[in-house]
Each structure stands twice: as C-alpha cells, then as structure tokens.
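Asker: pasting the structure only:
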C-alpha cells in the first residue's frame with residue numbers, strides 16, 4: 001500500500017508519485033490477464049504465484065483467466081482454482097481455440113482495474129517481476145511498461161540461439177518503423193494504463209498482438225518504459241507454442257500497421273478527428289498566429305485535445321492545458337514532462353471549484 005496523501009496539498013512541484021497518490025488514495029487495482037491453452041500442469045502454480053504478488057501503489061489484484069478452448073483439462077483446473085478465490089479471479093472459457101490475441105481481447109473487455117498486464121500461464125515469466133513494472137507508473141508517469149528479457153537482469157535461462165536472434169531481428173525492425181529503442185518487442189510482459197489499452201482497437205488473433213500493440217502505442221506517442229525481468233524459457237519438448245512462421249506473421253503485421261492508422265476504438269468520440277488535425281501543421285500555425293495578439297503570458301487552454309495549438313503558443317510564463325478526455329490528458333502530460341512552463345490539469349467546466357488552482 002502507498003502512504004496516505006492529502007489532496008489539499010499545494011506543493012508547487014508535484015511529482016508523478018503525487019498524482020498517483022491523489023488518483024488512487026488506497027492504491028490502484030492491477031488487472032492480470034492470463035490467456036491459457038492446454039497448461040493443466042502449470043496453471044495452478046502460476047495462479048498461486050500471482051496471488052502472492054504485492055507492490056507499492058497497488059491496493060488490489062484482479063486476475064482474469066481466459067481459457068482459449070483447452071482440450072487437456074485446463075478448463076476444469078482453472079475453474080476449480082478460481083472458485084476458491086472468487087473475489088479476485090474470474091474465468092472466461094472460450095468454446096474453441098482462437099489464438100492469444102483473441103484471448104487477450106476478451107480479457108481486456110472483462111477487466112475493471114486501473115492497470116492491465118498480460119501474464120502467460122507457462123511459468124516462463126516470474127510474477128514477482130510485476131512489482132518492478134509498476135514503479136515507472138508510480139514514479140515516472142508511464143503509460144506503458146515492457147518487461148525486457150534482454151536488458152540486464154538477475155537471471156535468464158540460456159536456450160535457443162536462433163529463437164533469440166529472431167527476436168532481436170524483429171525488435172530491430174519494429175524499432176526501425178516505430179522510432180522506439182526497445183530491447184524486447186516480443187515480451188509477454190506488457191503493462192498498460194487501463195483507459196489507454198481499452199481505447200485501442202486490436203485486430204490480431206495470434207502472437208502478432210505483440211507487434212500490433214507496439215506499433216499503435218508508438219503512433220499514440222505513449223510514454224513507454226522498459227524494466228529488466230528474469231526469464232525461464234522452456235523448450236519445445238516442454239510445451240513452447242510459438243513457431244518460426246509466427247515470425248513471418250510478425251513481419252506482415254509490422255508493415256500493415258505502419259501503413260494503416262487504426263489507433264482508436266469506434267467509441268472514442270472525436271479522437272479520429274483530433275489525430276487527423278495533429279497532422280495539419282500549417283492550419284494550426286495559422287490559427288495560433290490569429291490568436292497570438294489577443295493572449296498574454298499566462299494561458300489556460302480548455303479542450304486542448306492533442307496540443308496542436310499549445311505547441312504553437314509555448315513557451316510562456318505559465319501555460320495550463322486541459323481536456324475532458326482522460327486519454328488526451330495523459331497524452332498532454334507526456335508532452336509536458338520536463339517543461340517547467342507547461343502544466344496539464346483536469347478542469348471541469350461544470351465544477352467551478354476546479355478553476356480555483358488556476
């Protein structure tokens with residue numbers, strides 16, 4: 001649990017940790033999605049380990065198990081286990097196998113937490129690493145955190161050189177397209193702010209989910225961090241499921257979502273228009289030039305969207321940007337990082353007291 005926080009505090013230099021405490025005074029809820037297919041001998045141990053996870057800033061744990069049409073008795077195992085932990089666990093049993101990406105989509109729709117993370121059921125990833133993945137949200141205002149198997153960590157099983165080489169090649173090509181500098185694009189351990197992940201349409205039914213989501217969060221200009229994690233990879237004889245042709249699918253997915261801007265769910269009102277306006281630099285410049293003679297050195301911009309006008313008008317003595325859309329606010333906060341003259345605050349036109357601090 002995080003320490004108590006007095007939201008009436010008026011400290012001039014607020015940290016990401018201050019914002020976290022104000023948003024989640026009793027700790028956030030971490031939703032863990034566990035897609036599982038034919039893992040009857042491992043899944044119970046994995047769920048036991050998950051229940052022991054604790055982390056600063058996290059008050060509750062929610063576990064969503066998505067059984068993807070298992071045929072080896074996994075369904076009965078997870079249902080029996082969840083029945084003894086019904087306050088924290090739910091099981092979604094799919095009638096047929098549709099793939100990891102499809103299972104993750106079902107899990108996302110069922111989550112109710114503030115953060116969402118993906119957890120494979122095969123014990124290759126250690127749930128105790130989840131605590132380290134939470135910290136960038138608490139301390140650095142992260143939107144997304146990847147757990148990297150190739151960053152320096154305490155331990156990693158040596159296994160399959162060609163598999164590792166293929167992963168590094170895919171990561172290199174993904175970085176080339178997305179302009180990121182990730183070390184492990186194919187990692188299972190990906191943690192997101194829930195409103196962000198729920199606002200992104202996901203089309204991949206298989207392992208291509210990893211490439212698709214990376215391309216989209218890059219285009220959404222999310223604040224992405226990596227943390228080193230341990231990795232206990234298993235051999236194909238032990239049940240490893242990914243195959244060489246999944247690499248070819250990944251390459252196709254990179255090209256597809258490099259060319260196509262499919263970044264917002266249909267129910268995300270107005271965001272498609274905002275994303276298009278973000279590209280109209282000349283129009284934004286013209287509008288800013290028209291406004292500039294009429295504004296002073298202290299500015300409060302309401303409904304700032306993705307910051308198109310804000311970019312044209314800063315720096316100023318003080319510039320406060322606000323928007324009613326939580327995803328837009330998160331995006332604006334990323335832009336404001338390390339800019340002392342720029343603040344992002346939630347201002348509600350229907351709540352007069354929200355103007356008091358400005």
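Answerer: Received, thanks. Remember, it's a predicted structure, so these values are computed and weren't measured experimentally.

Asker: thought residue 146 was touching residue 190?
Answerer: Yes. Checked against CB atoms under 8 Å, the pair residue 146 and residue 190 is within contact range at 5.6 Å. For every residue, glycine as well, the C-beta is placed using N, CA and C.

Asker: The two: who's more crowded?
Answerer: The neighbour comparison of residue 146 against residue 190 (other CB atoms under 10 Å) goes to residue 146, with 28 against 22.

Asker: gap between that one and residue 256?
Answerer: 21 Å (CB to CB, to the nearest Å).

Asker: do residue 211 as well
Answerer: From residue 211 to residue 256 the distance is 9 Å (CB to CB).

Asker: Packing partners of the longest strand seen in the chain?
Answerer: For the chain, the longest strand by residue count, based on DSSP state E, is strand 58-68. Under the contact criterion of 3 or more CB pairs under 8 Å, 6 or more residues apart in numbering; DSSP states H and E, strand 58-68 touches strand 28-36, helix 43-51, helix 74-83, strand 89-94, helix 100-110.

Asker: sec struct for the residue nearest in space to the middle of the chain, please.
Answerer: With the centre of the chain defined as its mean C-alpha position, the nearest residue by CA atoms, centre = their mean is residue 192, 2.0 Å away. Here residue 192 is recorded as strand under DSSP: H, G, I helix; E, B strand; the rest coil.

Asker: Isn't it up against residue 114?
Answerer: No. With contacts counted by CB under 8 Å, residue 192 stays clear of residue 114, the gap being 10.2 Å.

Asker: Between the two, which contacts overlap?
Answerer: Among the neighbours of residue 192, none is also in contact with residue 114 (CB atoms under 8 Å, 6 or more residues apart in numbering).

Asker: follow-up on the earlier one: let's have the helices and strands packed on strand 58-68 in TSV, adding mean neighbour count, mean pLDDT and distance to residue 298.
Answerer: Putting those into TSV (neighbours: other CB atoms under 10 Å; pLDDT from 0 to 100; distance: least, CB to CB, whole Å) gives the following:
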stretch	mean neighbour count	mean pLDDT	distance to residue 298
strand 28-36	24	96	33
helix 43-51	18	96	49
helix 74-83	18	97	54
strand 89-94	18	97	49
helix 100-110	21	96	41
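
Asker: low pLDDT regions in the stretch 101-250 of the chain?
Answerer: Where the stretch 101-250 of the chain drops to pLDDT under 70, the residues are 153-160, 233-247.

Asker: What ranges does it have for its strands?
Answerer: With strands called from DSSP state E, counting those that start in this stretch, the stretch 101-250 of the chain shows them at 115-118, 144-148, 190-193, 224-228.

Asker: now the ones you listed in JSON lines, with distance to residue 321?
Answerer: JSON lines is the format used below for the strands of the stretch 101-250 of the chain (distance: least, CB to CB, whole Å):
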{"stretch": "strand 115-118", "distance to residue 321": "24"}
{"stretch": "strand 144-148", "distance to residue 321": "22"}
{"stretch": "strand 190-193", "distance to residue 321": "19"}
{"stretch": "strand 224-228", "distance to residue 321": "21"}
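
Asker: So for residue 300, which of those sits nearest?
Answerer: Distance to residue 300, taken as CB to CB, is lowest for strand 190-193 among the strands of the stretch 101-250 of the chain, at 25.2 Å.

Asker: For the closest one, enumerate the helices and strands it packs against.
Answerer: Using 3+ CB pairs under 8 Å, 6+ apart: strand 190-193 touches strand 115-118, helix 130-140, strand 144-148, helix 209-219.

Asker: Can I get the ones you listed in a markdown table including distance to residue 41?
Answerer: A markdown table is the format used below for those (distance: least, CB to CB, whole Å):
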| stretch | distance to residue 41 |
| --- | --- |
| strand 115-118 | 21 |
| helix 130-140 | 23 |
| strand 144-148 | 24 |
| helix 209-219 | 25 |
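
Asker: Of all the ones you listed, which one comes closest to residue 226?
Answerer: Per CB to CB, nearest to residue 226 of those: strand 144-148, 4.7 Å.

Asker: how far out from the middle of the chain is that closest one?
Answerer: 9 Å (CA atoms, centre = their mean, to the nearest Å).

Asker: buried stuff in it?
Answerer: 144, 145, 146, 147, 148 (16 or more other CB atoms under 10 Å).

Asker: report the angle between the axes of that strand and helix 130-140?
Answerer: Counting by axes from the mean of the first three to the mean of the last three CA atoms, to 10 degrees, strand 144-148 lies at 140 degrees to helix 130-140.

Asker: List of residues touching strand 144-148?
Answerer: Residues contacting strand 144-148 (CB under 8 Å, 6+ apart): 125, 129, 132-134, 136-137, 182-185, 187-193, 196, 217, 222-229.

Asker: Excluding chain neighbours, what is closest to residue 285?
Answerer: residue 312 (5.8 Å; CB to CB, 6 or more residues apart in numbering).

Asker: wait, I meant residue 117
Answerer: residue 191 (4.1 Å).
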